[in-house]
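**Q** Provided below are the primary sequence and the corresponding predicted coordinates.
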Amino acid sequence: MEKFETITGVAAPMPLVNIDTDMIIPKIFLKSIQRTGFGVNLFDEMRYNRDGTEIADFVLNKPQYREAEILVAGDNFGCGSSREHAPWAIKDFGIKCVISTSFADIFFNNCFKNGILPIVLPQEQVDVLMKDAEKGQNARMTVDLAAQTVTTSDGEAIPFEVDAFKKHCLLNGLDDIGLSLEKVASIDSFEERAAQARPWV
C-alpha cells in the first residue's frame, strides 16, 4: 500500500449529506475484485448523463476540480452497504483524503486499509474547509498526517485526531498483508519449531 505522509492539493467541495456507497460506486460496476479501474465510475450517476456525457455542473467534472486529491464532504459520508469498492473508486480517481463531520464505521475503516485518510472534524471546521475548497484550483490545502493538521490555502492550521495504530499503518504503507509481513521472521521461526516438534504433520 502506498504510504500517506503529506499531501498538498486541490480540495473538492461536496456538501451533500448521507452520501452512500451506492452513490460513490453504483452496484452495476461491482464486477471485479481488482482494486483498480473504478475511478472512472466514481459518483457515476451524478457525473454522467444516461448517454455517457458528463454533467457539467458536477463538482469533479469542473476543470478546477478534475485532479482533486482531497474531498470535503457533508455529514455521514460512506453510509449504506459495506462494499470495499467505494474506497477503491475514491483512491483510483486520485482522492487521498476525505474530510467530513462523520463517516459510516465500515467505510471509515476500509479507507485506512486502502491508503485513504478519513478525517473527522466538527461542523464549524468543516465549514471553514468547505469555504476554502470553493475557491477552486488556486486554493490548495495541505494535509500532514505526522503533524495531524489540515492547513487551508490561507495558512490556517486545523488539528485533527487519528487512531495511533491506523496512523502508523498509513505512514508506513501497511495494509493487513503488510502487517503480516512485518512478522515474517517470527512466523518462519514458529513454523520451523512446529516442524521439528511435529514432523509427521
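**A** Received it, and whenever you're ready, just let me know what you need.

**Q** pLDDT below threshold where in this protein?
**A** Scanning the chain for pLDDT under 70 picks out the ranges 176-184, 188.

**Q** can you give me the buried ones in the lengthiest strand in it?
**A** Ordering each strand of the chain by length in residues (DSSP state E) puts strand 6-14 first. Buried residues in strand 6-14, defined by neighbour count with 16 or more other CB atoms under 10 Å: 7, 9-14. C-betas here are computed from N, CA, C, even on glycine.

**Q** wasn't residue 33 part of a strand?
**A** No - counting by DSSP: H, G, I helix; E, B strand; the rest coil, one finds residue 33 to be coil, located in no strand.

**Q** ok, now how distant is it from residue 98?
**A** 23 Å (CB to CB, to the nearest Å).

**Q** so for those two, which sits in the more crowded spot?
**A** residue 98 (24 against 8; other CB atoms under 10 Å).

**Q** element containing the more buried one?
**A** strand 97-100 (DSSP states H and E).

**Q** again, but for residue 150
**A** Residue 150 belongs to strand 149-151, assigned by DSSP H and E.

**Q** in that strand, which residues are buried?
**A** 150-151.

**Q** repeat that for stretch 135-155.
**A** Buried residues in stretch 135-155 (16+ other CB under 10 Å): 135, 139-143, 145, 150-153.

**Q** how about stretch 153-165?
**A** 153, 158, 160, 162.

**Q** next one: stretch 59-79 to chain centre, how far?
**A** 11 Å (CA atoms, centre = their mean, to the nearest Å).

**Q** repeat that for stretch 45-65.
**A** That offset, for stretch 45-65, works out to 21 Å (CA atoms, centre = their mean).

**Q** that stretch spans what distance, first to last residue?
**A** 18 Å (CA to CA, to the nearest Å).

**Q** same deal with stretch 7-26?
**A** 28 Å.
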